[in-house]
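**Student:** Got a predicted structure plus its sequence, pasted below:
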Amino acid sequence: MIGKILRGERVPGLIRYLYGPGRSNEHRDPHLVAGFRSPPELEPDIGEDGGRDFRRLDGLLTQPLALLGERNYRKPVWHLSLRAAPEDPVLADDQWAQIAEEVMARTGLAPAGDSDAVRWIAVRHADEHIHIVATLARQDGGRPEVWNDGYRVRDACRAVEKRFGLRSTAPADRTAARRPKRGETEKAVRKGWSEPSRVVLRRAVQVAAAGARTEEEFFDRLRTAGILVRQRVDRQHPEQVTGYAVALDQDRTPPDSRSGTAAASSPPT
């Protein structure tokens, strides 16, 4: 099973697309299979003209965002597409519901029994996949962490593959990276280092990311390991980290130089 995460700004357009015919009329019988309340409570009503009334569902999903106000994520709509393999058996609605609940629990967005978790729904409009839509605002006014959500979704997919006898897919790859360039390797030899800076930094970032539950803890772990960290933040929302750069103290670029060896990236997800 494969999961693809997207982030958006508004709920209404996404909901209408999921309930619509699709780009090639491929959406068949769109309906809810799971959510923060039972599907019958959340399913949009059908009017006399046969159309859906989405206003209540839109309001329920977006209401918690008002509590966060300026603390909202720039893109507060979390959208996950979950797709089974073509050779997998067709799953029933209740099985897809269990899969959606597993994902929401493992990501920490809606753990089982947490009545103040984020509001979310799972829409099915085809045999082999569902869409999960969540708004990134807890009902108690807190902002949920989406740290490493991609890895956690992958772990959930692996768990449900085993539970329902689906095609087994590979675990999340946290190790693939570019090899050090020739200049980096030669520099390490000249300096008498056992490894190029890129290798040391990559290993430190991987170790910190594997053990951290939040962005703050991730950066704290890097600094504790002696890694220099420079965070980049969103200009309009300074509390949101959009990227970072790391470097070794012994390998810093002089202030008047335009090139350097620091590794830049966006925060792992």
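**Tutor:** Yep, that arrived.

**Student:** quick one, what contacts D93?
**Tutor:** H31, V33, R124 (CB atoms under 8 Å, 6 or more residues apart in numbering). Where C-beta positions appear, they are placed from N, C-alpha and C, glycine not excepted.

**Student:** cutoff 6 Å now
**Tutor:** V33 (CB atoms under 6 Å, 6 or more residues apart in numbering).

**Student:** For the stretch 101-250 of the chain, which segments are assigned as strands?
**Tutor:** Applying DSSP state E, counting those that start in this stretch to the stretch 101-250 of the chain gives strands spanning 118-124, 129-138, 227-233, 241-248.

**Student:** Format these as a markdown table; extra columns: distance to L201.
**Tutor:** Output for the strands of the stretch 101-250 of the chain, formatted as a markdown table (distance: least, CB to CB, whole Å):
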| stretch | distance to L201 |
| --- | --- |
| strand 118-124 | 34 |
| strand 129-138 | 30 |
| strand 227-233 | 7 |
| strand 241-248 | 5 |
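
**Student:** Please report how far V11 lies from F54.
**Tutor:** 9 Å (CB to CB, to the nearest Å).

**Student:** ok, these two, which is more surrounded?
**Tutor:** When neighbours are counted by other CB atoms under 10 Å, V11 and F54 differ, and V11 comes out ahead with 24 against 16.

**Student:** Could you tell me the model confidence score at the more buried one?
**Tutor:** The confidence metric pLDDT takes the value 95 at V11.

**Student:** Now do the contacts for it.
**Tutor:** D58, L61, T62, V77.

**Student:** Neighbours of the second one, how many?
**Tutor:** What it means is L61. 26.

**Student:** outside of the host helix or strand of it, which residues touch it?
**Tutor:** Per DSSP states H and E, L61 falls inside helix 55-68. Helix 55-68 is contacted from outside by V11, P12, P44, N72, P76, R119, T135, A137, Q139, G141, R143, using CB under 6 Å, 6+ apart.
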